[in-house]
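Whatever this is, show me its structure:
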Amino acid sequence: MKLSVPRAMMLGAIIASSAGIGYAIAAQPHMTASIGLLRSARAELAAATPNKGGHRARGLALIDQAIGEVQAGIAFAGGR
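Have a look, this model is predicted:
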């Protein structure tokens with residue numbers, strides 16, 4: 001089966017764009033960046049004085065949970 005030039009170009013464009021989409025999904029720069037931001041927020045909260053009626057400790061636990069969820073999302077999408 002011989003492809004015409006326009007069809008061959010269209011097929012090439014589809015293959016190239018699907019490869020780009022696959023990379024964008026796997027790379028997940030926003031998800032990776034959010035982990036860094038959450039870790040930074042956790043460090044700031046951990047440095048705060050602990051006498052906050054348990055809210056600081058609850059905030060730390062929620063940040064830990066958020067980090068875990070983001071990591072699970074990355075793993076689910078085939079990242080690292």
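
Regarding the residue nearest the centre of the chain, what is its secondary structure?
The centroid of the chain falls nearest to M31 when counting by Cα atoms, centre = their mean (2.0 Å). Using DSSP: H, G, I helix; E, B strand; the rest coil, the structure places M31 in helix.

Setting aside sequence neighbours, what's the nearest residue to it?
I74 (5.2 Å; Cβ to Cβ, 6 or more residues apart in numbering). Using the backbone N, CA and C atoms, a C-beta is placed for each residue, glycine as well.

wait, doesn't the one you found sit right on T32?
Yes - contact status for I74 versus T32: in contact at 7.1 Å, counting by Cβ atoms under 8 Å.

which of these two has more neighbours?
Higher neighbour count among I74 and T32: I74, with 18 against 14, using other Cβ atoms under 10 Å.

For the more buried one, report the pLDDT, please.
Reported pLDDT at I74 in the predicted model: 93.

do the same with G68
At G68, pLDDT is 97.

Just the element for it, please.
Taking DSSP states H and E as the criterion, G68 maps to helix 55-76.
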